[in-house]
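Asks: Using only what follows, build the 3D model:
(one chain, ligands or ions: 2)
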Amino acid sequence: MGTILSIANQKGGVGKTTTAINLASSLSYAEMKVLLIDLDYQANATTCLGINRGSFTHSVFDCLADNVGVEEAILRTDNPYIDVLPARTMVEGIEEKIIMNTNRDFILHTKLKDIKPRYDYILIDCPPSLGFVTINAMIASDGIIIPVQCEFLAMDGLTQLLNTIRMVQAKKKVNMETLTIFGVLLTMLDTRSTSGFQVVNEVKTYFGEKVFQTIIPRNVSCSNATFYGVPVTEFSPKSKSSLSYRQLAKEVISRHAEN
Ligand SMILES: Nc1ncnc2c1ncn2[C@@H]1O[C@H](COP(=O)(O)OP(=O)(O)OP(=O)(O)O)[C@@H](O)[C@H]1O
Ligand SMILES: [Mg+2]
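Replies: Ligands and ions are numbered 1, 2, ... in the order given. This next block holds a predicted model:
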């Protein structure tokens with residue numbers, strides 16, 4: 001049975017989108033069928049999977065506003081293993097429409113039910129906020145991947161994130177469903193600086209076994225790949241960050257098998 005994983009941290013620029021697209025790409029090398037849901041108005045994940053912003057009619061936000069079913073909005077990509085539910089800049093009025101829905105926190109959860117069995121992994125790239133969009137993602141999910149950037153103030157805001165996860169866990173429990181912290185991913189480690197390793201120790205002390213053994217190094221190929229709008233696993237397959245994401249996919253697959 002497939003699993004739904006949200007990649008979430010309300011802190012901006014910690015590597016959520018980079019992780020979403022590279023994990024999707026790396027899982028595809030393992031012949032896993034993946035749906036990547038881009039839940040961010042910035043639409044970075046959509047662009048990085050080669051989807052032109054003007055080339056589609058329906059976005060995930062139209063689905064949340066209940067205008068269309070997810071099947072109508074899902075797009076194929078050049079990679080036969082990866083489909084995408086794309087995002088685009090919020091169209092005026094859509095947000096109000098979603099907020100007015102009395103069952104708004106469960107919209108995505110309900111919409112994904114029918115298509116979940118078709119995928120090995122559904123990955124959700126969350127926006128940098130803890131608003132109703134992220135809550136929708138968490139309620140729809142079986143697990144959360146929390147990327148933490150190995151920088152000053154890395155742990156900042158994590159208490160708020162964990163409180164939100166607990167609140168969602170309580171909501172899901174009513175329906176006999178669970179939400180786990182699937183893993184904490186250390187990102188953008190500068191292997192030449194001691195402060196980065198201090199963050200690694202701090203995060204490992206706090207989260208213990210939840211922390212993935214794979215650490216994503218800070219690597220220029222990764223930022224260059226973003227610039228050209230492709231996953232680093234394709235842009236520079238032998239780079240350190242690409243190899244790390246390939247390793248992460250193996251860890252994700254074995255963790256999923258254990259759960
Ligand atoms: N391992 C890495 N090495 C170097 N640069 C990286 C790495 N990972 C991510 N970056 C760069 O850091 C920036 C932020 O990454 P990303 O967009 O994935 O973060 P985000 O958490 O999705 O941001 P937002 O909160 O705005 O959605 C991007 O420019 C990306 O190219
Ligand atoms: Mg992002």
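
Asks: use CA for all of it now, contacts and neighbours both
Replies: Noted.

Asks: Return the residues of the chain in contact with ligand 1.
Replies: Contacts of the chain with ligand 1, taken as Cα under 6 Å from any ligand atom, map to 11-18, 127-128, 187-188, 216-220, 222-223, 226, 241.

Asks: What about these, which are in helices?
Replies: Helix and strand membership here follows DSSP state H; of the residues of the chain next to ligand 1, those in helices are Lys16, Thr17, Thr18, Val220, Cys222, Ser223, Thr226, Ser241.

Asks: Buried by neighbour count, from the residues you listed: which ones?
Replies: Lys16, Thr17, Thr18, Cys222, Thr226, Ser241 (16 or more other Cα atoms under 10 Å).

Asks: okay if I get those residues as TSV plus pLDDT?
Replies: What follows is those, written out as TSV (pLDDT from 0 to 100):
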residue	pLDDT
Lys16	97
Thr17	96
Thr18	97
Cys222	94
Thr226	88
Ser241	96
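
Asks: now for whichever strand or helix holds Ala137, which elements pack on it?
Replies: Here Ala137 is covered by helix 132-140, with elements defined by DSSP states H and E. Using 3 or more Cα pairs under 8 Å, 6 or more residues apart in numbering; DSSP states H and E as the contact criterion, the neighbours of helix 132-140 among helices and strands are strand 3-7, helix 107-112, helix 158-174.

Asks: With respect to burial, which of the ones you listed scores highest?
Replies: Mean neighbour counts were taken over the helices and strands packed on helix 132-140 using mean count of other Cα atoms under 10 Å, and the top value, a mean of 25, falls to strand 3-7.

Asks: Each with direction, which strands does that strand pair with?
Replies: In the sheet containing strand 3-7, the strands it pairs with under DSSP bridges are strand 121-125 (parallel), strand 143-149 (parallel).

Asks: Need those in a markdown table (columns: mean pLDDT).
Replies: Compiled in a markdown table, the strands paired with strand 3-7 are given as follows (pLDDT from 0 to 100):
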| stretch | mean pLDDT |
| --- | --- |
| strand 121-125 | 98 |
| strand 143-149 | 98 |
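
Asks: now those strands in CSV, with mean neighbour count?
Replies: Conversion of those to CSV gives the following (neighbours: other Cα atoms under 10 Å):
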stretch, mean neighbour count
strand 121-125, 27
strand 143-149, 25
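
Asks: right, and Ile216 touches Thr187 too?
Replies: Yes: counting by Cα atoms under 8 Å, Ile216 sits close enough to Thr187 to count as a contact (4.6 Å).

Asks: Thanks again, I'm all set now.
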